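Chemist: predicted model follows, preceded by the sequence.
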Amino acid sequence: MKQSQLFTKTRKEAPKDEVAKNAELLIRAGFIHKEMAGVYSMLPLGFRVLNKIIGVIRKEMNAIGGQEMSLTALQDKNLWEATNRWDDGIVDIWFKTKLKNEAELGLGFTHEEPLTALMTEYVDSYRDLPIYAYQFQTKFRNETRAKSGIMRGREFLMKDLYSFSKDEKEHEEFYEKAKKAYGNIFNEVGIGDRTYVTFASGGSFSKYSHEFQTLTEAGEDTIFVSEEKKIAINKEVLNDEVLGDLGLDKSSLVEKKAVEVGNIFSLGTRFSESLNLKYKDETGSEKFVIMGSYGIGSGRLMGTVAEILSDEKGLVWPMSIAPFHIHLILLNDKENKASKAADEFYVELARKGIEVLYDDRDLRAGEKFADSDLIGIPVRVVISEKTIAENVVEVKDRKTGEVHKVSQEEFIRTFGFK
Ligand code: ATP
Ligand code: MG
């Protein structure tokens with residue numbers, strides 16, 4: 001894409017009321033637009049990153065047997081009354097609305113209820129199970145605090161997968177697979193080394209749930225990390241019993257701030273009993289389906305990467321989720337020699353399937369480089385009168401700052417997708 005055609009511009013300042021580093025950077029670089037506290041629009045650059053994140057998650061969910069679908073945001077009150085989650089005294093983050101006839105509707109903050117009800121029409125016998133269904137969908141939550149940028153939105157995109165299994169054993173096997181798939185996802189987007197499987201409260205059907213907590217000062221959670229075992233415990237559940245259970249000596253744990261980028265939860269028959277989701281086993285007797293839910297905040301993940309993998313100059317995207325692979329920067333000369341060479345190189349890279357943001361704007365070099373650092377595309381390629389004279393392009397790694405010169409042919413031949 002030619003940068004002259006990108007409608008967003010970088011900005012020197014973020015809105016005055018914006019206090020989160022991730023949102024400040026993403027707004028200044030033109031990835032997101034703040035509509036109001038906790039509500040952000042995705043601009044072209046941000047939407048590309050979000051879609052890459054979705055791609056990474058989708059690949060892993062499909063690999064463990066997930067079937068992608070899309071449920072509605074508008075929710076039938078009756079279903080939520082059946083599970084006792086309609087009352088504002090019980091769930092205090094609902095956004096609710098009304099039909100013209102005054103009937104109340106909810107805007108989904110999660111989707112256990114509608115999906116469990118939907119499955120009663122498709123699940124009959126043990127042959128119909130297991131089922132793993134997931135979606136990327138907008139959730140609405142009337143969060144009290146919305147000071148963490150896109151890490152805590154009132155409207156945000158979530159990947160939510162729900163598992164429907166015959167028995168505990170089948171459930172546990174999938175739960176472990178999901179845990180591994182989550183590990184792969186966080187590695188792939190570049191935060192694996194700081195992300196800990198964290199024991200958290202499990203609700204009525206299992207002792208623990210597992211959160212994936214990523215270390216950052218911007219996080220709202222406190223966890224206790226065991227470096228040795230590569231696991232952590234959420235402060236909410238830390239007591240002697242958890243330390244017995246996990247074989248940990250408390251004194252070996254380190255207290256850290258972290259953000260929950262994902263979680264996996266065994267639901268048992270909590271929802272299948274309330275909404276009557278049953279199947280007939282091999283002997284013909286009826287049993288309730290065992291469920292699990294598995295969430296990842298795709299927007300929160302983007303905010304977390306922005307927060308962690310950035311430096312004083314701006315964002316630093318890993319190749320896997322960068323809005324473009326290469327930022328091609330033209331430093332124009334009087335005779336337009338560089339511009340002709342850069343135009344041609346842009347076309348050639350695109351033909352090879354390499355995603356390029358081409359800064360063809362008529363601006364000073366300093367401004368272009370500052371914008372490029374702020375936007376954070378992993379590889380910068382400069383073409384100028386000087387590089388043409390030397391028959392090379394100048395390549396700079398955004399993360400390390402290393403610069404080297406290579407011929408165009410060599411660059412194309414060796415450009416790898418790390
Ligand atoms: P938190 O403890 O941070 O409030 P949660 O436990 O309520 O989150 P879940 O209901 O389990 O979160 O949602 C699944 C995932 O969705 C979370 O792991 C997180 O990544 C993401 N998420 C939750 N709330 C938000 C939010 N307000 N904005 C962005 N992402 C969110
Ligand atoms: Mg949580």
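Modeler: Perfect, I can see it now. Ligands and ions are numbered 1, 2, ... in the order given.

Chemist: give the buried residues for the helix or strand harbouring residue 176.
Modeler: Per DSSP states H and E: residue 176 is located in helix 168-188. Using 16 or more other C-beta atoms under 10 Å as the test for burial, helix 168-188 gives 170, 171, 174, 175, 177, 178, 181, 182, 184, 185, 186, 188. Heads up, the C-betas are built off the backbone N, CA and C, glycines and all.

Chemist: same for that helix, what does it pack against?
Modeler: Under the contact definition 3 or more C-beta pairs under 8 Å, 6 or more residues apart in numbering; DSSP states H and E, helix 168-188 sits against helix 44-63, strand 155-165, strand 195-201, strand 208-215, strand 254-268, strand 290-297.

Chemist: what does the longest one rub up against?
Modeler: When contacts are defined by C-beta atoms under 8 Å, 6 or more residues apart in numbering, helix 44-63 is touched by residues 6-8, 26, 29-32, 42, 68, 132, 134, 136, 157, 159, 161, 181-182, 184-185, 188-189, 296, 298-299, 301-302, 317, 320-324, 375.

Chemist: buried ones in it, by neighbour count?
Modeler: Quick answer for helix 44-63 (16+ other C-beta under 10 Å): 45-46, 48-50, 52-54, 56-58, 60-61.

Chemist: and of the helices and strands packed on helix 168-188, who's closest to residue 243?
Modeler: For these, the distance to residue 243 is smallest for strand 195-201, at 10.3 Å, taking C-beta to C-beta.

Chemist: can you list the low-confidence ranges for the stretch 151-300 of the chain?
Modeler: Counting by pLDDT under 70, the stretch 151-300 of the chain contains no low-confidence range.

Chemist: how about the residues of it near ligand 1?
Modeler: The stretch 151-300 of the chain comes close to ligand 1 at residues 152-153, 156, 158, 260-263, 295-297, 299-300, as judged by C-beta under 6 Å from any ligand atom.

Chemist: against ligand 1, how distant is the residue in the chain sticking out farthest from the centre?
Modeler: Distance from the C-alpha centroid of the chain peaks at residue 335, with 45.5 Å (C-alpha atoms, centre = their mean). Distance of residue 335 to ligand 1, given as C-beta to the nearest ligand atom, to the nearest Å: 51 Å.

Chemist: how about residue 414?
Modeler: For residue 414 relative to ligand 1 (C-beta to the nearest ligand atom), the value is 37 Å.

Chemist: wait, what's in contact with the residue farthest from the centre of the chain?
Modeler: Residue 335 touches nothing, counting by C-beta under 8 Å, 6+ apart.

Chemist: how would you label it: helix, strand or coil?
Modeler: Look at residue 335: counting by DSSP: H, G, I helix; E, B strand; the rest coil, its state is coil.

Chemist: low-confidence ranges, the stretch 301-418 of the chain, go.
Modeler: Within the stretch 301-418 of the chain, the stretches with pLDDT under 70 are 416-418.

Chemist: what about the one residue in it that gets nearest to ligand 1, how many neighbours?
Modeler: Among all residues of the stretch 301-418 of the chain, residue 301 sits closest to ligand 1, at 7.0 Å; criterion: C-beta to the nearest ligand atom. Residues lying near residue 301 (other C-beta atoms under 10 Å) number 30.

Chemist: my read: it touches residue 195, true?
Modeler: No. Between residue 301 and residue 195 there is no contact under C-beta atoms under 8 Å: 10.2 Å.

Chemist: list the residues that contact both of those two?
Modeler: Common neighbours of residue 301 and residue 195, using C-beta under 8 Å, 6+ apart, are residue 261.

Chemist: surely residue 357 is in contact with residue 5?
Modeler: No. Between residue 357 and residue 5 there is no contact under C-beta under 8 Å: 10.4 Å.

Chemist: these two: which is more packed in?
Modeler: Neighbours were counted for residue 357 and for residue 5 using other C-beta under 10 Å; residue 357 has more, 24 against 10.

Chemist: tell me how far the host helix or strand of the more buried one is from the chain's mean position?
Modeler: Per DSSP H and E: residue 357 is located in strand 356-359. From the chain centre to the centre of strand 356-359 is a distance of 25 Å (C-alpha atoms, centre = their mean, to the nearest Å).

Chemist: check contacts around residue 355.
Modeler: Neighbour list for residue 355: 323, 324, 325, 326 [criterion: C-beta under 8 Å, 6+ apart].

Chemist: also near ligand 1: which of those residues, exactly?
Modeler: Of the residues in these, proximity to ligand 1 by C-beta under 6 Å from any ligand atom holds for none.

Chemist: please indicate which of these are buried?
Modeler: Taking 16+ other C-beta under 10 Å as the criterion, what is buried in the contacts of residue 355 is 323, 324, 325, 326.

Chemist: and the first one, how far from residue 218?
Modeler: Think residue 323. Applying C-beta to C-beta, to the nearest Å, the value for residue 323 to residue 218 is 21 Å.
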